[in-house]
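**Student:** build the 3D model from these lines:
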Amino acid sequence: MSQLHSSEAIMPSALEVEQYSMSIRLASDGLVFALSPLQKGSHLPTHREVVRVEASGDLWRQELRDAILQRPLLLQSYPKILVYYEPSAGVLVPQELYDEGEAEIWLRNILTHPCGRADQEASLYALSYPWKQEGKVFVHYWDEEVYHFLQRTLHSPSFAPYFAQLIDRRKALSRRDGRAELCVFVRRRGFDCILVREEEQVFYNSFVFVSPFDEKSKVGELLYYIFALWQDLGLDAGRDSLCLVEAGLGESNRPLPSWRSELRIELGRRLSSMTILTHSALP
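**Tutor:** Numbers count the residues shown, from 1 in each chain. Sure thing, here's the model as predicted:
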């Protein structure tokens, strides 16, 4: 485990804690967290830190726990703590068909190993995230051990898929532009695909890279699935758009992955509208 760049360390007083929010983004290769004042325009100092965790499986969980427990800044009783995580396989369910506590019913027949790590022996926990404005619930799996550890350790945390806020922004653009958009979030070991049409999510699926550390293989896999989904979902290469998102930990000192330029060339030959984003690790 290694700490990468961070802003100057701070420790708010007991009174100042009530004026802060904490955001934490968990990934298969580490975490990034940010302490920010609740009130816009506040002169209180902020803090941001990236911690790289290169292990996998049980060792990944242990190093993640150690990284959190060794940082008192994360353990304070902030009034607002948001945890963004990489979900495993999931499904979009109409709100009227979903009953609280029945997430497992919707997940029985889908892929059940974590998309974000090669480890397939993790115990999984069924979670739900509501998109109330469009009347849908995103029902999905996540690492059960990590989820319960965070519930015990942090002060009343709220949880959301890491792509939730960016998808809300892309939905607004879809409505304005009047076209569908396939959003592909590329992570270290896999990628999430979400189709947005008329300000609504109409499709979700996640995939694991066969060779996550082979850049050429990753490009081939991404091209295969993007074009396959494009055809299966009935998208129009001349009208609809693709949003390709590098969903890493947001380390500004790391070079751009080589797959970005290769994909841009290959996709540009067949699609008329494409956006490539580096997704901020924390909204």
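
**Student:** what is the burial count for residue 156?
**Tutor:** If you count neighbours by other CB atoms under 10 Å, residue 156 ends up with 10. Yep, even glycine has a C-beta here, placed from its N, CA and C like the rest.

**Student:** secondary structure class for it?
**Tutor:** coil (DSSP: H, G, I helix; E, B strand; the rest coil).

**Student:** residues in contact with it?
**Tutor:** By CB atoms under 8 Å, 6 or more residues apart in numbering, the contact list for residue 156 reads residue 81.

**Student:** got the phi and psi for it?
**Tutor:** phi 50, psi 60 (degrees, to the nearest 10).

**Student:** next: residue 168.
**Tutor:** phi -60, psi -40.

**Student:** burial count for it?
**Tutor:** Using other CB under 10 Å, residue 168 is surrounded by 16 other residues.

**Student:** what are the ranges of the strands in the protein?
**Tutor:** 2-6, 20-27, 30-37, 47-52, 80-85, 90-94, 124-131, 136-143, 158-161, 181-186, 190-196, 201-208, 241-246, 274-278 (DSSP state E).

**Student:** and the ones you listed: which comes nearest residue 13?
**Tutor:** Nearest to residue 13, of all those, is strand 20-27, at 10.6 Å by CB to CB.

**Student:** what sits against residue 192?
**Tutor:** So residue 192 contacts 87, 115, 163, 184, 185, 204, 205, 206, 247 (CB under 8 Å, 6+ apart).

**Student:** try it again at 6 Å.
**Tutor:** The neighbours of residue 192, taking CB atoms under 6 Å, 6 or more residues apart in numbering as the test, are 185, 206.

**Student:** could you do residue 103 as well?
**Tutor:** Residues counted as contacts of residue 103 (CB under 6 Å, 6+ apart) are 126, 128, 139.

**Student:** now, of the residues you listed, which are buried?
**Tutor:** 126, 128, 139 (16 or more other CB atoms under 10 Å).

**Student:** out of the strands of the chain, which gets nearest to residue 267?
**Tutor:** Per CB to CB, nearest to residue 267 of the strands of the chain: strand 274-278, 5.7 Å.

**Student:** flag every buried residue along the closest one.
**Tutor:** 274, 276.

**Student:** when you give positions from now on, start the count at 212
**Tutor:** Yep, numbering from 212; the last one is strand 485-489 now.

**Student:** sort out which one of the contacts of residue 314 lies nearest residue 360 for me.
**Tutor:** residue 337 (17.0 Å).

**Student:** so the closest one touches residue 317, yeah?
**Tutor:** No: the criterion here is CB atoms under 6 Å, and residue 337 misses it with residue 317 at 8.3 Å.

**Student:** for residue 489, which non-adjacent residue is closest in space?
**Tutor:** residue 457 (4.9 Å; CB to CB, 6 or more residues apart in numbering).

**Student:** what is the neighbour count of the one you found?
**Tutor:** Residue 457: 16 neighbours (other CB under 10 Å).

**Student:** and residue 386, by the same measure?
**Tutor:** Residue 386: 14 surrounding residues under other CB under 10 Å.

**Student:** and it, how far from residue 299?
**Tutor:** 29 Å (CB to CB, to the nearest Å).

**Student:** contacts only, for residue 368.
**Tutor:** By CB under 6 Å, 6+ apart, the neighbours of residue 368 are 292, 294, 361.

**Student:** so what's the residue nearest to it when sequence neighbours are not counted bridging to?
**Tutor:** Nearest non-adjacent residue to residue 368, counting by CB to CB, 6+ apart: residue 292, 4.4 Å away. Assessed by DSSP bridges, residue 292 has beta-bridge partners residue 233.

**Student:** looking at residue 292 now. What's its pLDDT?
**Tutor:** Looking at residue 292, its pLDDT reads 98.

**Student:** do the same with the one 10 residues further on
**Tutor:** If you check residue 302, the pLDDT there is 93.
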